[in-house]
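Asks: sequence isn't available, so here's the structure alone:
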């Protein structure tokens, strides 16, 4: 166990503290059992190490363990944690739990047997706590970490610091947004950059190699992370990547399941199920009509990529501008809000607000006579009669 404690101490000592994700202040760190799930590359590990650093406890009391460490090939989590607890350990931060067999049962046992042990764990976005055999859902607080918002991107690149906004604030009538931001702030230039390489925090390290790294990340999600989904046949990983390329070339679109099956080589009866798997893996987003309950094998009304950055890695051609606009809006508003496909307009938020997303010349014709309907315009910094698209990147 000493080697685990040494690794933990080194990682905590070297973690960057200047930037904290939006979720850091949302989490109730006092809870005894906390889960954080999210896609690869969104910053889950960094968040654990930052919290560990904040505790200011020695490694024999508070420690970070990655469960894909070679140490756990020959040592069990329960036995190691028992030793840690008996030697005075009070806080365990467990990373990559989905890599450990029967992880939910093990964590449940630690929670039940050691009442003074606080556990925070992270796992892939494909984790379905409700289906895990450990029955952790009644014992824990679960959080989802998404990619960088446009607001976070600006802050982490030392461009602008600004508090997160509520949707109700953005929708206030006659708001003079230009007066509420610094006079020299020009959002559109930075907005274009964000759409291409701003969603994943590793863009802060290397923008030139961002596309290559994002391609590698996508392949890892499909070939390794999705293998953890019950019912997913890993032998179809290549077909899944082909399916992603097909979707990326056409999104946003209303799916023709038969056509998708023919192009991807995936059986028609399996396509809808695999679309749900891709959504679990945070690679696409599925939109359904308002007013219906969503079943697992139900065909979505519309398909989007999970975030605009993904649109740049599946094609040598420039992504469709309308696609980027709608994908951005969906990726930002989906954090904290319910989104459905309306009869008129592009998006229905929380069963109340209808939005039509377009360029600076977009009119309200398509949402005329609809209550609580708004036009969201791109290519304009501070419109007077419309809502600026980039502003929805300040919701978290």
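Replies: Perfect, I can see it now. As the structure is a prediction and not an experimental result, all values here were calculated from the model.
Asks: ranges for the helices of the stretch 251-396 of the chain?
Replies: Ranges of helices within the stretch 251-396 of the chain are 257-264, 268-280, 321-333, based on DSSP state H, counting those that start in this stretch.
Asks: point out the most buried one among those.
Replies: Mean neighbour counts were compared across these using mean count of other C-beta atoms under 10 Å; the top stretch is helix 321-333, at a mean of 22. No exception for glycine: its C-beta is placed from N, CA and C like everyone else's.
Asks: what does it contact?
Replies: Contacts to helix 321-333, defined as C-beta atoms under 8 Å, 6 or more residues apart in numbering, come from residues 146-147, 149-150, 167, 195, 199, 251-252, 285, 287, 304-308, 311, 339, 346-347, 349, 355, 357-359, 376, 378, 389, 392-393, 395-396.
Asks: and stretch 218-237, by the same measure?
Replies: Counting by C-beta under 8 Å, 6+ apart, 39-40, 98, 124-127, 131, 240-241, 244, 266, 273-274, 277, 280-283, 310, 313 sit against stretch 218-237.
Asks: take those and keep only those in strands.
Replies: The members of those that map onto strands under DSSP state E are residue 124.
Asks: need the buried ones from the contacts of stretch 218-237 selected in PyMOL.
Replies: Taking 16 or more other C-beta atoms under 10 Å as the burial criterion, the selection of buried members of the contacts of stretch 218-237 in PyMOL is written as:
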select buried, resi 39+40+98+124+125+126+127+240+241+244+266+274+277+280+281+282+283+310+313
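Asks: before we move on, back to that, export the helices of the stretch 251-396 of the chain to JSON lines and append columns for mean pLDDT and distance to residue 60.
Replies: As requested, the helices of the stretch 251-396 of the chain are exported to JSON lines (pLDDT from 0 to 100; distance: least, C-beta to C-beta, whole Å):
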{"stretch": "helix 257-264", "mean pLDDT": "91", "distance to residue 60": "52"}
{"stretch": "helix 268-280", "mean pLDDT": "90", "distance to residue 60": "37"}
{"stretch": "helix 321-333", "mean pLDDT": "97", "distance to residue 60": "41"}
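Asks: looking at those helices, which is nearest to residue 119?
Replies: Taking C-beta to C-beta as the measure, the helices of the stretch 251-396 of the chain were each checked against residue 119, and helix 268-280 came out nearest at 23.6 Å.
Asks: from the contact counts, what lies against the closest one?
Replies: Using 3 or more C-beta pairs under 8 Å, 6 or more residues apart in numbering; DSSP states H and E, the elements in contact with helix 268-280 are helix 237-250, helix 257-264, strand 284-287.
Asks: closest to residue 159 out of these?
Replies: The minimum distance between residue 159 and the helices and strands packed on helix 268-280 falls on strand 284-287, with 26.9 Å, by C-beta to C-beta.
Asks: who touches that closest one?
Replies: Counting contacts by C-beta under 8 Å, 6+ apart, the residues touching strand 284-287 from outside are 244, 247, 251-252, 275-276, 278-279, 300-306, 327, 330-331, 334, 339-341, 347.
Asks: show me where pLDDT drops low in the stretch 101-250 of the chain?
Replies: 129-134 (pLDDT under 70).
Asks: run a quick neighbour tally on residue 166.
Replies: When neighbours are counted by other C-beta atoms under 10 Å, residue 166 registers 11.
Asks: cool, and residue 70?
Replies: Residue 70 is flanked by 8 other residues according to other C-beta under 10 Å.
Asks: tell me how far it lies from residue 107.
Replies: The span separating residue 70 from residue 107 equals 20 Å under the rule C-beta to C-beta, to the nearest Å.
Asks: residue 381 too?
Replies: Residue 381 is 48 Å from residue 107, by C-beta to C-beta.
Asks: the more surrounded of these two?
Replies: Remark: of residue 381 and residue 107, residue 107 carries more neighbours, 26 against 17, as counted by other C-beta under 10 Å.
Asks: check the secondary structure at the nearest residue to residue 312 once chain neighbours are set aside for me.
Replies: Taking C-beta to C-beta, 6 or more residues apart in numbering, and ignoring the residues beside it in sequence, residue 312 has residue 196 as its nearest neighbour in space, at 5.4 Å. Three-state assignment for residue 196 (DSSP: H, G, I helix; E, B strand; the rest coil): helix.
Asks: return the residues in contact with residue 196.
Replies: Contacts for residue 196 (C-beta under 8 Å, 6+ apart) come out as 308-309, 312.
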